[in-house]
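In: pasting the structure only:
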C-alpha cells in the first residue's frame, strides 16, 4: 500500500510539473504571437544600429609583418633558445622606449604612429615581427626600420646579431573590414534577441492572463458553456457594421454558430435549474459581457421565446451602443425611482421578428447603482418575470464593483464571461468568490474572444483571425429551426441522437 501511494504521489507530481511546463510554454508562445512585430523590430533595430555604428566608427588597421631568422655576424645560426629569449625580452625593449626612439628618429617622425609586436616560432630560430598602423605605407616603413635597427638595440643584451628576412607581406592592404562589418551584424542581432527575450519574459511574468480553457478547468470549478471566437472588426463608415452583433450581416457565420451553441447550452442548464432570470457578469471591464448578453438575448428570442434584456450597469450603460440604438431612452434608474412605468420604459427591437424587449441603462448615473439592491429592484425583476420567458441582466464587473453582488439575490443563475488573454487568474477567482459568498447559482462561464485554433465538429475552425491572424474560408452552415420552451428541436434536419449529443455538450 505504501509503495502504491508513493507511486501515485510521484505520478501526480510529474503530471503537475508537466502541466506547469506546458502552461509556461503556451504562455511564451502566446506572448510571441502577440508581440512578434515588436520583437522583430527590436532585433532589426539593434542589427542596423550595430552596423551603422561600426561602419562610421571603423578605422582600418594595416598590418605589415615579416618572418626573420636570427643569425650571428659570422653567419652561424643562434640556437632556438636564444631566439625564444629574444622574443620574450622584446616587449621590455619596446617599453623601455629605446627601440621606439630609434625608429622614430630613423623615419624622421615626432612619434611612433603604430604598434610593434614579436612572436617566436616554436622549435626554430625564427621570429615574426608585426607592425600595425592606420596607414599601410607607414606600417611597412616602421617594419623595415625595426628589422634594421633592432639588432643595434639588442646588442647590449644578446651581443651582435643579424636579422635575415625570410618572408614579408610587403605594403599591407585592409582585409579586416568585411569581417568586422559581418561581425557587427551578428553582434547587433544577438543583442536584439537578448533584449527581445527579456521583454518577452517580463511580459509573460507580469501579465499572466488566462489564454486557454484548459487553464480555467484546472483553476476554477464552474461549468464550461463554450467559447465565442475572436472576430476582427474593420472600421466602416456605417456604425451598425462595426458591432459584434449577430444582427450585423457582416458577422461571419462561425461566430453566429458559436452563439447558437452557447444558447443551446444555456437553455439546457436553465431547464435543469428551472429559472429564467440570468445575470451576465465578468471580472473586469472589457471582457465582452455586454456583447455576450446581447447576442444571447437575440439568439433566444429568435427561437420564439419572449426575452427582456436589462442594462443593470447604470455607471457605464452599454447595451444601447451594442444595439446601435441612437434614440433617447429612459433608463433603469428612472424606473427604480418611479419616474416612469416599467411598461413605458421597455423598448422593442424592430430589426428582428421576435419578442425581444430591452430596458436600457439611460444616461450614466453613479447614484443609481445604489438602487440595484433595493426592494424596488426586486419588484421590477418580479414584474419582468411575468412579462417574458427569459430575463437577461447585464451587470457591472463582479470583481471590481458591488453592483453584481447586489443583484445576485434576484437572479436565478449567473453566466460568467471570461475574455481570452485579457484577465489574470487571480481576478477571475476573486470575482467568482464574491458571487459565491452571496450564494450565487453560477450557471457556468463562456470563454470570449477565443483565439485558440480548434476544429469544430460542425465543420469550421476558428481562432486564426483578427490581430492574431486572418481567418480563412468557412463552409455554409444550416440554420437550426425553432425549439420548444426548453430546446426541443424542430425542422433542423438533425436526428434525435445528434440533437441529444448537442444538448449534452
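Out: Looks like it came in fine. Here the structure is a predicted model, which is why all the values come from computation and not from measurement.

In: Give me the contacts around stretch 295-302.
Out: 228, 244-247, 259-260, 262-263, 266-267, 278, 280, 307, 309, 349, 352, 354-356, 390, 392, 415 (Cβ atoms under 8 Å, 6 or more residues apart in numbering). All C-beta atoms are positioned from the backbone trio N, CA, C, and that covers glycine.

In: What about the residues you listed, which are in helices?
Out: Counting by DSSP state H, those place 259, 260, 262, 263, 266, 267 in helices.

In: quick one: which of the residues you listed is nearest residue 406?
Out: Nearest to residue 406, judged by Cβ to Cβ, of the ones in helices among the contacts of stretch 295-302 is residue 266 at 22.7 Å.

In: residues in contact with residue 270?
Out: Residues near residue 270 by Cβ under 8 Å, 6+ apart: 276, 278, 390, 412, 413, 443, 486.

In: The fifth one touches residue 269, doesn't it?
Out: What it means is residue 413. Yes - the pair residue 413 / residue 269 is scored as a contact, 7.1 Å apart, by Cβ atoms under 8 Å.

In: circling back: among the contacts of stretch 295-302, which ones are in strands?
Out: In this view, these that belong to strands under DSSP state E are 228, 278, 280, 307, 309, 356, 390, 392, 415.

In: can you list the weak-confidence ranges in the protein?
Out: Scanning the chain with the threshold set as pLDDT under 70 gives 1-20, 22-23, 72-87, 90-91, 93-95, 123, 157-159, 174-177, 233-242, 453-505.

In: At which residues are the strands of it located?
Out: Using DSSP E, strands in the chain cover 62-71, 115-120, 126-133, 162-168, 224-229, 277-282, 307-312, 347-348, 356-359, 390-395, 413-419, 442-450, 454-455, 461-462.

In: Can I get these in CSV including mean neighbour count and distance to residue 432?
Out: Output for the strands of the chain, formatted as CSV (neighbours: other Cβ atoms under 10 Å; distance: least, Cβ to Cβ, whole Å):
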stretch, mean neighbour count, distance to residue 432
strand 62-71, 21, 72
strand 115-120, 17, 72
strand 126-133, 21, 71
strand 162-168, 14, 82
strand 224-229, 22, 14
strand 277-282, 28, 10
strand 307-312, 27, 19
strand 347-348, 14, 32
strand 356-359, 24, 26
strand 390-395, 27, 14
strand 413-419, 25, 7
strand 442-450, 22, 7
strand 454-455, 12, 24
strand 461-462, 20, 26
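
In: Reformat those strands as a markdown table; add distance to residue 143.
Out: Formatted as a markdown table, the strands of the chain follow (distance: least, Cβ to Cβ, whole Å):
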| stretch | distance to residue 143 |
| --- | --- |
| strand 62-71 | 4 |
| strand 115-120 | 8 |
| strand 126-133 | 4 |
| strand 162-168 | 7 |
| strand 224-229 | 74 |
| strand 277-282 | 79 |
| strand 307-312 | 89 |
| strand 347-348 | 96 |
| strand 356-359 | 93 |
| strand 390-395 | 87 |
| strand 413-419 | 73 |
| strand 442-450 | 72 |
| strand 454-455 | 72 |
| strand 461-462 | 72 |
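
In: Ok, which of the ones you listed comes nearest residue 434?
Out: That would be strand 277-282 among the strands of the chain, by Cβ to Cβ, at 9.7 Å.

In: tell me the angle the closest one makes with strand 390-395.
Out: Following axes from the mean of the first three to the mean of the last three Cα atoms, to 10 degrees, one obtains 30 degrees for the angle between strand 277-282 and strand 390-395.

In: Show me what strand 277-282 packs onto, helices and strands only.
Out: Judged by 3 or more Cβ pairs under 8 Å, 6 or more residues apart in numbering; DSSP states H and E, the packing partners of strand 277-282 are helix 289-301, helix 375-387, strand 390-395, helix 403-407, strand 413-419, helix 425-437.

In: go with 6 Å
Out: helix 289-301, strand 390-395, strand 413-419 (3 or more Cβ pairs under 6 Å, 6 or more residues apart in numbering; DSSP states H and E).

In: Against residue 395, how distant is the closest residue to residue 412 other than its chain neighbours?
Out: Nearest in space to residue 412, with sequence neighbours left out and distances taken as Cβ to Cβ, 6 or more residues apart in numbering, is residue 275 at 2.5 Å. The gap separating residue 275 from residue 395 is 16 Å, by Cβ to Cβ, to the nearest Å.

In: State the number of residues packed around residue 260.
Out: Residues near residue 260, counting by other Cβ atoms under 10 Å, number 21.

In: so who does the closest residue to residue 68 other than its chain neighbours touch?
Out: Among residues not flanking residue 68 along the chain, residue 163 sits closest, at 4.3 Å (Cβ to Cβ, 6+ apart). Residue 163 makes contact with 68, 147, 151 under the criterion Cβ atoms under 6 Å, 6 or more residues apart in numbering.

In: ok, what's across the strand from residue 163?
Out: Beta-bridge pairing of residue 163 under DSSP bridges involves residue 70.

In: From residue 203, how far out is the residue nearest to residue 412?
Out: Distance, residue 275 to residue 203, by Cβ to Cβ: 42 Å.

In: Work out the gap between stretch 253-264 and the centre of the chain.
Out: Relative to its parent chain, stretch 253-264 has a centroid offset of 27 Å by Cα atoms, centre = their mean, to the nearest Å.

In: What's the end-to-end length of stretch 219-232?
Out: 29 Å (Cα to Cα, to the nearest Å).

In: So what touches it?
Out: Outside stretch 219-232, the residues touching it (Cβ under 6 Å, 6+ apart) are 244, 255, 258, 261-262, 265, 425, 442, 444-451, 462, 465-466.

In: one more time with 7 Å, if that's ok
Out: Applying Cβ atoms under 7 Å, 6 or more residues apart in numbering, the set of residues contacting stretch 219-232 from outside is 213, 217, 244, 251-252, 254-255, 258-259, 261-262, 265-266, 292, 416, 425, 428-429, 432, 442-451, 462-463, 465-468.

In: again, but for stretch 170-189
Out: For stretch 170-189, contacts defined as Cβ under 7 Å, 6+ apart pick out 43, 46-47, 49-51, 54-55, 58, 60-64, 136-137, 139-140.

In: Just the buried residues of those residues.
Out: Among these, those classed as buried by 16 or more other Cβ atoms under 10 Å are 43, 46-47, 50-51, 54, 61-64, 136, 139-140.

In: which one of the residues you listed is nearest residue 325?
Out: residue 43 (47.6 Å).

In: For residue 420, see how far away that closest one is.
Out: Shown here: residue 43 relative to residue 420, a distance of 27 Å by Cβ to Cβ.

In: wait, what's in contact with the residue lying closest to residue 430 once chain neighbours are set aside?
Out: Excluding the flanking residues, the one nearest residue 430 by Cβ to Cβ, 6+ apart is residue 399, at 5.0 Å. By Cβ under 7 Å, 6+ apart, the contact list for residue 399 reads 283, 284, 427, 430, 431, 434.

In: Near residue 263, how many other residues are there?
Out: 25.

In: Without its sequence neighbours, what residue ends up closest to it?
Out: Residue 263 sits nearest to residue 299 (Cβ to Cβ, 6+ apart), 4.1 Å away.

In: swap in residue 211?
Out: Leaving aside its chain neighbours, residue 211 sits nearest to residue 421 (4.3 Å; criterion: Cβ to Cβ, 6+ apart).

In: so the one you found makes contact with residue 30?
Out: Yes - the criterion here is Cβ atoms under 7 Å, and residue 421 meets it with residue 30 at 6.2 Å.

In: Which residues are in contact with each of those two?
Out: Jointly contacting residue 421 and residue 30 under the rule Cβ under 7 Å, 6+ apart are residue 211.

In: Take the contacts of residue 270 and write them to CSV, including distance to residue 180.
Out: CSV is the format used below for the contacts of residue 270 (distance: Cβ to Cβ, whole Å):
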residue, distance to residue 180
276, 76
278, 69
390, 73
412, 74
413, 70
443, 67
486, 77
